[in-house]
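**Q** Sequence first, then the predicted structure, then my questions.
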Amino acid sequence: MISYSPFRQWFVTYHPTQKRMDFQKECGLSSRTAARIWNDRPVNTETIDKICNAYNLRVEQVMVHIRPNIEKPGTE
């Protein structure tokens, strides 16, 4: 699973007075795409590029991979 929690944490830390709508406008994103970021839903790489460019961030400051906890049959 891909999570955008690094970006959300960065945003509220460094832009505490800004709203989600401000983020959307600064990056040139639709409201639907901005909501997808806030809800850890898939977005395309162009969206990640827009966020990185708008805020001068690296990809790892925007998203992180979270490995699912999948149990194998027969293991306890």
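**A** Noted; the coordinates are in hand.

**Q** Could you list every helix and strand in contact with the helix or strand hosting Glu46?
**A** Using DSSP states H and E, Glu46 sits in helix 45-55. Here helix 45-55 touches helix 20-27, helix 31-38, going by 3 or more CB pairs under 8 Å, 6 or more residues apart in numbering; DSSP states H and E. C-beta coordinates here come from the backbone N, C-alpha and C atoms, glycine included.

**Q** quick one: buried residues of the lowest-mean-pLDDT helix or strand in the chain?
**A** Scoring the helices and strands of the chain by mean pLDDT, DSSP states H and E places helix 20-27 at the bottom, with a mean of 90. By 16 or more other CB atoms under 10 Å, the buried positions in helix 20-27 come out as 23-24, 27.

**Q** Run a quick check on Cys27 versus Asp49, I expect a contact.
**A** No - using CB atoms under 8 Å as the test, Cys27 is too far from Asp49 to be in contact (9.7 Å).

**Q** where does this protein dip in pLDDT?
**A** Across the chain, the ranges flagged by pLDDT under 70 are 71-76.

**Q** can you redo the buried residues of helix 20-27 as TSV with distance to Val64?
**A** What follows is those, written out as TSV (distance: CB to CB, whole Å):
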residue	distance to Val64
Phe23	18
Gln24	21
Cys27	19
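
**Q** How far away from the center of its chain is stretch 5-23?
**A** Relative to the centre of its chain, stretch 5-23 is centred 10 Å away, using CA atoms, centre = their mean, to the nearest Å.

**Q** How about stretch 44-64?
**A** How far stretch 44-64 lies from its chain's middle: 8 Å, per CA atoms, centre = their mean.
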